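> could you work out the structure for the sequence below:
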Amino acid sequence: NVIYPLMMMERYVTDAFRFNLAALAAHVRDIKLAEERIAGYRNFCNKIWNLARFTLMNLGSHANGEGGAPDDSRLDMADRWILTRLSVCVEEVSGAIDGYEFDEAARALYRFVWNELCDWYVELIKLDLRGEHGEERKLAASGVLLSVFADTLKLLHPFMPFITEELYSYLPGVEKMVSQEQYPKAEKVFESEAAEMECVMDVIRAVRNIRTEMNLAQDARTECVCYVKDEKTRAAIIGSAEHIKLLAKVKDLVVEESGERPGDSVSAIAGGQEGMGAVEVFIPLKGLVDFDVEEKRLGKEIDKVMKERHSVEGKLANADFVSKAPQEVVEKERARLCAILEKKTKLEAGIERVRSARG
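This is a model prediction of the structure:
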């Protein structure tokens, strides 16, 4: 479709182009190249490069090849979670490659690197890497990060051979090229601790979603009240209070078995993973939000969305447009309509939250 591959590789680097081809390589469709997608995978290359820099900057004694991977007794909940997720990723990627489902393998790798390793694990261990929890904890966290990153490069190598080979050469203790290393195996699985960490992360997501939907200022720090009947779940949240405060911008966290709903609060339900109980999350908003102003703002947003909806529905109801326009244009309008309806649903839920908080 009139995209010159060599030009794309020169502009966006070869690994980005290769990964884009793999991500599109489904059995039942032709590959349609789009420059913006290739540019997106260049950003993925940058993400991996930045992760490498962060890892190498925080090696500590591992920089000299000392310390090695920590034994299980020194791992905390976040460590056990990322090692479990790595094992899941290894299984998904290996199975997809064996089945020639290269698009599934690429998606699994992208999800693990960006969403789990970078967005979550790196953030969860930053205080550890700064030494705020002692030298032993710093050594354990940096060891897990180094081990996981090395295995990640091995998983990525068949798709992105150039960047992975370059970065792998900088890791301490490396004696072979990454292409000569043994492919990773799914080894460490801590199902219970991984479920606990997922529950804590769900609470953080719930608080973040409330902050976004209620249009809170970026630097505003809120209170958070969690009611949890399940004792194991309650203990996991209390044990991860520091993570919740840091990543959800919470100043005071209260975790109880049950209680009254705090005044002027917005609520959400989190948790419920296998073996974990549900968590009622309340964010008191008194003094942080003018509920009348916020309801008017959301109402205006809904009016704008409805106008856009009528415009798109009018196009799709036009038989000439549907029959004569290119199929990809029609599909784009249908996808746009789905996004509009989803946005409308979220805005209406936001108004209900405002009314509920106001009482």
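
> now Cys224, nearest residue through space, not along the chain?
If the residues on either side of it in the chain are set aside, Cys224 comes closest to Val250, at 4.5 Å by Cβ to Cβ, 6 or more residues apart in numbering. For glycine as for every other residue, the C-beta is placed from the backbone atoms N, C-alpha and C.

> the one you found contacts Ile244, doesn't it?
Yes - here Val250 reaches Ile244: they are 5.7 Å apart, a contact under Cβ atoms under 8 Å.

> which stretches of the stretch 251-359 of the chain have low pLDDT?
Along the stretch 251-359 of the chain, segments meeting pLDDT under 70 span 358-359.

> more crowded one of Val250 and Ile244?
Shown here are Val250 and Ile244; by other Cβ atoms under 10 Å, Ile244 has more neighbours (22 against 19).

> and the helix or strand harbouring the more buried one, what's buried?
Using DSSP states H and E, Ile244 maps to helix 241-248. Judged by neighbour count using 16 or more other Cβ atoms under 10 Å, the buried positions of helix 241-248 are Ala241, His243, Ile244, Lys245, Leu247, Ala248.

> and it, how far out from the chain middle?
Counting by Cα atoms, centre = their mean, to the nearest Å, helix 241-248 is centred 16 Å from the centre of its parent chain.

> do stretch 203-210 as well
Here the centre of stretch 203-210 is set off from its chain's centre by 13 Å, with Cα atoms, centre = their mean.

> equivalent analysis for stretch 35-54, please.
With Cα atoms, centre = their mean, you get 15 Å for stretch 35-54.

> can you point out the buried residues in it?
Neighbour-count burial for stretch 35-54 flags Arg37, Ile38, Gly40, Tyr41, Arg42, Phe44, Cys45, Lys47, Ile48, Leu51, Ala52 (criterion: 16+ other Cβ under 10 Å).

> who does the residue nearest to Cys224 bridge with?
Taking DSSP bridges as the rule, Val250 bridges to Thr222.

> and the gap between it and Val279?
Counting by Cβ to Cβ, to the nearest Å, the separation of Val250 from Val279 is 14 Å.

> and for Phe54?
Applying Cβ to Cβ to Phe54 and Val279 gives a distance of 31 Å.

> same deal with Glu331?
39 Å.

> which of those two has more residues huddled nearby?
Using other Cβ under 10 Å, the more surrounded residue of Glu331 and Val279 is Val279, with 25 against 11.

> can you report how many residues neighbour the residue nearest to His243 when sequence neighbours are not counted?
Nearest non-adjacent residue to His243, counting by Cβ to Cβ, 6+ apart: Leu124, 5.9 Å away. As a burial measure, Leu124 scores 25 neighbours (other Cβ under 10 Å).

> over to the one 3 residues further on?
The burial metric for Leu127, expressed as a neighbour count using other Cβ under 10 Å, is 16.

> close enough to count as contact, it and Leu247?
No - with contact defined as Cβ under 8 Å, Leu127 does not reach Leu247; the gap is 10.6 Å.

> stretch 162-174 - what's its average pLDDT?
Taken as a whole, stretch 162-174 has an average pLDDT of 92.

> how distant is it from the center of its chain?
Going by Cα atoms, centre = their mean, where stretch 162-174 is centred and where its chain is centred differ by 25 Å.

> now do the buried residues in that stretch.
So, applying 16+ other Cβ under 10 Å, buried residues of stretch 162-174: Ile163, Thr164, Leu167, Tyr168, Leu171.

> now do stretch 199-216
199-204, 206-207, 209-211, 213-214, 216.

> sorry, back to before: which helices and strands sit right next to the helix holding Ile244?
Judged by 3 or more Cβ pairs under 8 Å, 6 or more residues apart in numbering; DSSP states H and E, the packing partners of helix 241-248 are helix 122-124, helix 191-213, strand 250-256.

> output the longest helix belonging to this protein.
helix 327-358 (DSSP state H).

> okay, the angle between it and helix 191-213?
90 degrees (axes from the mean of the first three to the mean of the last three Cα atoms, to 10 degrees).

> helices or strands up against helix 327-358?
Going by 3+ Cβ pairs under 8 Å, 6+ apart, helix 327-358 lies up against helix 191-213, strand 265-271, helix 291-317.

> show me what counts as buried in the last one.
Of the residues in helix 291-317, Phe291, Glu294, Glu295, Arg297, Leu298, Glu301, Ile302, Val305, Glu308, Arg309, Val312, Lys315 count as buried by neighbour count, 16+ other Cβ under 10 Å.
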